[in-house]
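> Sequence and predicted structure are below.
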Amino acid sequence: MIKGYQTKILKMYEEIREYEENNLRERREEIKKIIPEVLDIERKIGNLCIEVALLAFKNVEKREEYLSNLKKEITDLRIRKTELLVAHKYPMDYLNIHYHCNKCKDTGFIGTKKCSCYYKKLVQLYYEDSDLKDLLEQNNFSNFNIEYYDTHRISDGIDSPRQNMKKNLNIAHSFVKNFNHSNENLLFYGTSGTGKTFLSHCIAKELLDSGNLVVYRTAESLINDLREIKFNNAFNIEKLIMDCDLLIIDDLGSEPMTSSSKSDFFNFINKKLIKKKKMIISTNFSLEDILDLYSERMSSRLLGNFTICKFYGDDIRIKNNFNKIST
């Protein structure tokens, strides 16, 4: 799916450039009516810049002095232009093209390399065509209902599901708040239907809305991605899942594992940790199951480099469906 988006992305950049060029033309027409001297100054600056460029091909006495005078005149004109704009309550860059991305000048490329904004557009298109976009409209902090969690303790010394979920919520909010200043990763584990995926979606929406690059994968689809990268040199996919601001890996343990895929999976997680690229992993497995299923090295990474959040209580999906039926 990722491969087919390049034409759409390039079209997006073309539309951005056309939009900003039209805006610039409108601003110039406005200035032409209100401060025509500014455009006269721009023309003079343009002519002087041409003269500077052509100076290399002319036989001129006292070349350096002449060049210095030309540059001084250009500087004086630019100052005069700025003074006129500011005096009429316009920003200094009012007659400059306004780029959405100053790094690539709204082309998507810096030299031959794709700009970071290119990958954000890639994910934007990916989510537009996926079910996740609709899910995030529902699965967000605004719709998180703590009332679904029981207030009764399961056993002595253990928090009630609601008390435990409040702790997990606080961790999630803190994760979002400190996202750009922390290297924290999260591991959500516990029985099915207790809110792990929902809470990871809540975090995803907050970070996406604040401009971060978030990629969501099930463990099975991630294994398929790693296979594509390994055998088909899928660079776009590798760049996407390796360098995104946050990778969410859902349903760890459901993926078909061979000795080769286990090794690929470990190397990928390890590389993410080394590069300090943040992750959220959720699983229905217990910590004991993780220790049994995965190698000691892999288990060590999961249990040693992630903040561990346990989920327990009733199956919220079943409870929610019962509530819908009863109403």
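Yep, it's here.
> mind listing what the one residue sitting closest to the centre of the chain touches?
Nearest residue to the geometric centre of the chain (CA atoms, centre = their mean): L213, 1.5 Å. Under the criterion of CB atoms under 8 Å, 6 or more residues apart in numbering, the neighbours of L213 are 116, 119-120, 123, 243-246. The way it works is simple: take the backbone N, C-alpha and C, and place the C-beta from them, glycine included.
> do that again at 7 Å, thanks
By CB atoms under 7 Å, 6 or more residues apart in numbering, the residues touching L213 are 119-120, 123, 244-245.
> go on, I110?
103-104.
> Got phi/psi on it?
With angles defined as degrees, to the nearest 10, I110 sits at phi -110, psi 100.
> ranges for the strands of the stretch 201-327 of the chain?
With DSSP state E, counting those that start in this stretch as the criterion, the stretch 201-327 of the chain has strands at 214-218, 246-252, 278-283, 307-311.
> secondary structure class for Y189?
Here Y189 is recorded as strand under DSSP: H, G, I helix; E, B strand; the rest coil.
> re earlier: rank the strands of the stretch 201-327 of the chain by pLDDT, which is bottom?
Note on these: strand 214-218 shows the lowest mean pLDDT, a mean of 90.
> For the residue of the chain positioned farthest from its centre, pull up the helix or strand it's in.
Distance from the C-alpha centroid of the chain, by CA atoms, centre = their mean, peaks at E61 (56.5 Å). Assigned by DSSP states H and E, E61 falls within no helix or strand.
> Renumber starting at 8 from here on
Understood, numbering begins at 8; the last thing we discussed is E68.
> So for it, what's the pLDDT?
On the pLDDT scale, E68 gets 75.
> quick one: N185 from N312, how far?
Counting by CB to CB, to the nearest Å, the separation of N185 from N312 is 17 Å.
> These two: which is more packed in?
Taking other CB atoms under 10 Å, N185 and N312 do not tie; N312 has more neighbours (16 against 11).
> hang on, isn't the more buried one packed against N192?
Yes: between N312 and N192 there is a contact under CB atoms under 7 Å: 6.0 Å.
> Any chance of the strands of the stretch 208-334 of the chain in JSON lines with distance to N147 as columns?
As requested, the strands of the stretch 208-334 of the chain are arranged in JSON lines below (distance: least, CB to CB, whole Å):
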{"stretch": "strand 221-225", "distance to N147": "13"}
{"stretch": "strand 253-259", "distance to N147": "14"}
{"stretch": "strand 285-290", "distance to N147": "15"}
{"stretch": "strand 314-318", "distance to N147": "18"}
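> Many thanks, we can stop here.
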